[in-house]
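**Q** After the sequence you'll find the predicted model.
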Amino acid sequence: MARRTANKSLQAKLVLLGDMGTGKTSLVLRFVKGQFSEYQESTIGAAFFTQVLSLNEATVKFDIWDTAGQERYHSLAPMYYRANSSLTMFLVANKADLEGDRKVSNEEGEEYARESGLSFLETSAKTAQNVNELFYEIAKRLVKANPSRQSGIKLHTRATESRRRYFCCA
Ligand code: GTP
Ligand code: MG
């Protein structure tokens, strides 16, 4: 979900959703800090990160909500997203480095994504495989989906800063 600000700059909200232990936090930390930990702690509630990506055509500022996958937090997840017309969705199959433990083939993943109308990428937060590619691809699609208009047009309404931290609603 995104809004265009002046100077070809897009502000986008990015929400990571998925079961516990799938590597959501690890993907964000790889993207934002270039780091990976084998002992990454399970997220409590949600965590917030920011990152800026510069493309040729625009600068994309990501507000990233890394939700908690543990069962007890499932009811919180919908607070972080609300579908709108400029939504870009990716299905990400992480831990691609664990090839020997693979349960779902790349083809199966691609087919499932196609049937569900999602884009698909296999990543590894550990080796950094496809991690930057994933976020760049999302940024490119958001720019494409939000073509230049009169500056200042809001494509979605943001909550105030203090509320946004806890009750995010695009
Ligand atoms: P919750 O916060 O509980 O929802 O989990 P999460 O989805 O944020 O997973 P997290 O990033 O905490 O990673 C869980 C475990 O998987 C950690 O021990 C990570 O080191 C490991 N892990 C994450 N990504 C990868 C990966 O790409 N490859 C491998 N081999 N391990 C990974
Ligand atoms: Mg986490």
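**A** Now that the structure is in, tell me what you want to look at. Ligands and ions are numbered 1, 2, ... in the order given.
**Q** how near is Asp97 to Lys126?
**A** Between Asp97 and Lys126 the computed distance is 5 Å (C-beta to C-beta, to the nearest Å). C-beta here means a position set from N, CA and C on the backbone, and glycine is covered the same way.
**Q** Compare these two (neighbour count), which wins?
**A** Ranked by neighbour count (other C-beta atoms under 10 Å), Asp97 and Lys126 place Lys126 first, with 18 against 15.
**Q** and the more buried one, which of the three is it?
**A** Following DSSP: H, G, I helix; E, B strand; the rest coil, the label given to Lys126 is coil.
**Q** can you list contacts of the longest helix anywhere in the chain?
**A** If you go by DSSP state H, the chain has its longest helix at helix 131-145. The contact list for helix 131-145 (C-beta atoms under 8 Å, 6 or more residues apart in numbering) reads 2, 10, 12, 14, 27, 30-31, 51, 53, 55, 57-58, 60, 62, 86, 88, 90, 92, 119, 121, 123-125.
**Q** Filter the residues you listed down to the buried ones.
**A** Buried members of the contacts of helix 131-145, scored by 16 or more other C-beta atoms under 10 Å, are 2, 10, 12, 14, 27, 30-31, 51, 53, 58, 60, 62, 86, 88, 90, 92, 119, 121, 123-125.
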